[in-house]
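K.L.:
give me coordinates for this.
(chains A, B, C and D)
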Number of protein chains: 4
Amino acid sequence: MSPADLLDHYRSRCCSPQWQGFVRALCEELEQGLDEADRARLMARLGGRFAAAHPLPEAATLQALQDAANAVWSALDWGRVEFEEQPDCVLVRHCASPLAAAGGTGRPWLAAYLEGVYRAWFHAAGGAPVLDVVCTQADAGHVDSYVLCRVT
Amino acid sequence: MSPADLLDHYRSRCCSPQWQGFVRALCEELEQGLDEADRARLMARLGGRFAAAHPLPEAATLQALQDAANAVWSALDWGRVEFEEQPDCVLVRHCASPLAAAGGTGRPWLAAYLEGVYRAWFHAAGGAPVLDVVCTQADAGHVDSYVLCRVT
Amino acid sequence: MSPADLLDHYRSRCCSPQWQGFVRALCEELEQGLDEADRARLMARLGGRFAAAHPLPEAATLQALQDAANAVWSALDWGRVEFEEQPDCVLVRHCASPLAAAGGTGRPWLAAYLEGVYRAWFHAAGGAPVLDVVCTQADAGHVDSYVLCRVT
Amino acid sequence: MSPADLLDHYRSRCCSPQWQGFVRALCEELEQGLDEADRARLMARLGGRFAAAHPLPEAATLQALQDAANAVWSALDWGRVEFEEQPDCVLVRHCASPLAAAGGTGRPWLAAYLEGVYRAWFHAAGGAPVLDVVCTQADAGHVDSYVLCRVT
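P.N.:
Modelled structure (predicted):
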């Protein structure tokens, strides 16, 4: 039982069995009905709605904002996020998303859901309008990666 | 704490907290983008996909088919169903659907998901093509009701 | 599907399947090794330890204390409690305990677990030493009932 | 977010939050009231009771027995086991036990629970009386290890 086996086991359990079948049916339906860009746009809108329904308390620092986000994720068993400040952007890495786990491999568009969540949360936290959240890597090693940066 | 309070408490817990926010965001998005008939059609297609991914074993009687369906629902914590034979139809009552619980009141179109599931399961079990499953009452007292009958 | 059937269904799901088998094995073992009074004392000590590990924030009113308790129970999916002030005591009714559900009928001594929790919480909240929590009815209609009153 | 962080995150979620507090209270109580050998014996008896309540179907091969065990564990979200035949024994490795996760580090006696389960399952599967299951390493890298071998 290698660490990779162990991670695979945990991942297979990280989405509630109650919703795996529903989520997979939704993925298949959207793949038949919409192209990839539209699927990602839909997911981002869902994420925006989730964020609006789960507003974060005010946070004075990036660390405090990360803690507030993780309080939401922890209560819902929806993985965990790390924000990392860089000279010209903020890296956002979200691990153990049950949506990524339910969707399985080959569905990078699902990562747009959390993109939509973080976009809405950063805007509500006072992010300048020229800043946006963009997914840079979907579901690599159980992690969805995003960057908050100036839109050119 | 009346029986009604107790039922309300249980219902509030019957959808996994992990997915309530996602499901509600999906409901709102679909209500904005599609009319009620199209939302119901989408739900029925999702239900059909779920049924195809969760085929029931062969069942010689209606009771055996009910037991097979409940084996699926029980493993997923997705409520429980009763089939009742009538002279000219079969009544189908599904209680404690986490989708109904997550959606909340005023969303009868969500019941089309289980309509799609039962339609596919009854067809696969050898139902004549002239038979169809139709929702007769959505989310009344924690129960979605359907009827399998001849389509006129 | 009567309301009673529905309540039975919900109750059968209110203890996480992950722990039902463990809890039942523990019940059987304790019933073989200890008499009923000792089993109840053990449960009350476990409840006291749980309360010590989950202290409530300060609460100015009985209602605030009830809300604080329910915040703990809600996060753990451990049912819900109501406190009701009476001239000479406080009634405590806890519904939907997963321990009662896992134990099944005929194990009133399990109710001593929550007795131990509430005893410790009321003492920490400033209850006079002459006050104590006593179970008055175990697992009747999905409810464990207690009374906080003067010990004579 | 290293693989180790990811494993820590998953492990922190592998025991249902509903029962972590109860299990920790039980651990503390047993540590105060019983010495380590007695605690381990109690856990092994609980495991034996669990196995008796969850008998495995007949299995013609060690692989079939492993599959039957994993069918039980999977339905309960209780980790996963591997049996490995050796010239003079069978190695048993159980990963992702929620009991080990709930107990935390420094409680090797908790591994006696699964020892009791596997002892009972191997005996029921026709293991010779001179064979016994013994824990060889508790909770190392999310794995409890046992060996089924001739007792000398």
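K.L.:
near chain B, which residues of chain A are found?
P.N.:
Listed as neighbours of chain B in chain A under the rule Cβ under 8 Å from any Cβ of the partner chain: A:15-19, A:21-26, A:28-29, A:42, A:45-47, A:49-50, A:53-54, A:75-78, A:98-99, A:113. In short, each C-beta sits where N, CA and C put it, glycine included.
K.L.:
residue of chain A closest to chain C, please.
P.N.:
Closest residue of chain A to chain C, Cβ to the nearest Cβ: A:A75 (6.7 Å).
K.L.:
that residue reaches C:A75, doesn't it?
P.N.:
Yes. Using Cβ atoms under 8 Å, A:A75 is in contact with C:A75, at 6.7 Å.
K.L.:
got the phi and psi for the closest residue to A:E31 other than its chain neighbours?
P.N.:
Excluding the flanking residues, the one nearest A:E31 by Cβ to Cβ, 6 or more residues apart in numbering or on different chains is A:R39, at 7.0 Å. When read as degrees, to the nearest 10, the backbone of A:R39 gives phi -60, psi -40.
K.L.:
for A:R39, list the residues it contacts.
P.N.:
A:30-31, A:109, A:112 (Cβ atoms under 8 Å, 6 or more residues apart in numbering or on different chains).
K.L.:
distance of it relative to A:C27?
P.N.:
Here A:R39 is placed at a distance of 9 Å from A:C27 (Cβ to Cβ, to the nearest Å).
K.L.:
picking that back up, okay, now the residue of chain A closest to chain C: neighbour count?
P.N.:
Using other Cβ atoms under 10 Å in any protein chain shown, the number of residues around A:A75 comes to 14.
K.L.:
you'd agree it is in a helix?
P.N.:
Yes. Counting by DSSP: H, G, I helix; E, B strand; the rest coil, one finds A:A75 located in a helix.
K.L.:
name the element the residue positioned nearest the centre of chain A belongs to?
P.N.:
Centroid-nearest residue in chain A: A:L114, 2.5 Å away (criterion: Cα atoms, centre = their mean). Counting by DSSP states H and E, the element that carries A:L114 is helix A:112-124.
K.L.:
for the helix or strand following that helix, buried residues please.
P.N.:
Counting by DSSP H and E, the next helix or strand C-terminal to helix A:112-124 is strand A:131-140. Neighbour-count burial for strand A:131-140, counted by 16 or more other Cβ atoms under 10 Å in any protein chain shown, picks out A:131-136, A:138-139.
K.L.:
likewise for stretch A:5-19?
P.N.:
Neighbour count says stretch A:5-19 has A:6-7, A:9-11, A:13-19 buried, by 16+ other Cβ under 10 Å.
K.L.:
A helix includes A:G21, no?
P.N.:
Yes. Per three-state DSSP, A:G21 lies within a helix segment.
K.L.:
what's near enough to touch the closest residue to it other than its chain neighbours?
P.N.:
Excluding its sequence neighbours, the residue lying closest to A:G21 (Cβ to Cβ, 6+ apart) is B:F50, at 4.9 Å. The contact partners of B:F50, by Cβ under 8 Å, 6+ apart, come to A:21-22, A:25, B:113, B:116-117.
K.L.:
do I have it right that A:Q18 meets B:V23?
P.N.:
No. Distance between A:Q18 and B:V23: 10.7 Å, which falls outside the contact criterion (Cβ under 8 Å).
K.L.:
tell me the contacts of A:A112?
P.N.:
A:39-41, A:43-44, A:47, A:135.
K.L.:
as TSV, those residues with distance to B:F122 and pLDDT would be great.
P.N.:
Converted to TSV, the contacts of A:A112 look like this (distance: Cβ to Cβ, whole Å; pLDDT from 0 to 100):
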residue	distance to B:F122	pLDDT
A:R39	31	98
A:A40	36	98
A:R41	36	98
A:M43	33	98
A:A44	37	98
A:G47	36	98
A:C135	41	96
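K.L.:
and the pLDDT for the residue of chain A found nearest chain D?
P.N.:
Here chain A gets closest to chain D at one residue, A:Y10, 3.6 Å apart by Cβ to the nearest Cβ. Note for A:Y10: predicted pLDDT of 96.
K.L.:
name the element it belongs to?
P.N.:
helix A:3-14.
K.L.:
low pLDDT regions in chain A?
P.N.:
Chain A contains no residues with pLDDT under 70.
K.L.:
what residues does it put near chain D?
P.N.:
Close to chain D, as judged by Cβ under 8 Å from any Cβ, chain A has residues A:1, A:3, A:5-7, A:9-11, A:13-14, A:77, A:79-80, A:82, A:93, A:95-96, A:141-143.
K.L.:
and with 10 Å instead?
P.N.:
Residues of chain A lying close to chain D by Cβ under 10 Å from any Cβ of the partner chain are A:1-14, A:16-17, A:74-75, A:77, A:79-82, A:84, A:93-96, A:141-143, A:145.
K.L.:
coming back round to it: most surrounded residue in the contacts of B:F50?
P.N.:
B:V117 (30 neighbours).
K.L.:
got a list of what it touches?
P.N.:
Contacts for B:V117 (Cβ atoms under 10 Å, 6 or more residues apart in numbering or on different chains) come out as A:21, A:25, B:43-44, B:46-52, B:54, B:69, B:72-73, B:78, B:81, B:94, B:133, B:146.
K.L.:
out of the contacts of A:A112, which sit inside helices?
P.N.:
Mapping the contacts of A:A112 onto helices (DSSP state H) picks out A:39-41, A:43-44, A:47.
K.L.:
just the buried residues out of those, in PyMOL syntax.
P.N.:
For the buried members of the ones in helices among the contacts of A:A112, the matching PyMOL selection, counting by 16+ other Cβ under 10 Å, is:
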select buried, chain A and resi 39+40+43+44+47
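K.L.:
I'd like to know which of the ones in helices among the contacts of A:A112 is nearest to chain B.
P.N.:
Nearest to chain B among the ones in helices among the contacts of A:A112, with distances taken as Cβ to the nearest Cβ, is A:G47, at 7.6 Å.
K.L.:
so who does that closest one touch?
P.N.:
A:G47 touches A:99, A:111-121, A:133, B:22, B:25, counting by Cβ under 10 Å, 6+ apart.
K.L.:
out of those residues, who's nearest B:D35?
P.N.:
Ranked by distance to B:D35 (Cβ to Cβ), the contacts of A:G47 are led by B:A25 at 19.0 Å.
K.L.:
skip the chain neighbours and tell me the closest residue to the closest one.
P.N.:
A:R49 (3.8 Å).
K.L.:
just the angle for the host helix or strand of that neighbour relative to strand A:131-140, thanks.
P.N.:
Assigned by DSSP H and E, A:R49 belongs to helix A:36-53. Angle, helix A:36-53 to strand A:131-140, by axes from the mean of the first three to the mean of the last three Cα atoms, to 10 degrees: 110 degrees.
K.L.:
now do the contacts for the closest residue in space to A:L46 that isn't next to it in sequence.
P.N.:
Of all residues not flanking A:L46 in the chain, B:A25 sits nearest, at 4.4 Å (Cβ to Cβ, 6+ apart). Residues in contact with B:A25 (Cβ under 10 Å, 6+ apart) are A:43, A:45-54, A:113, A:116-117.
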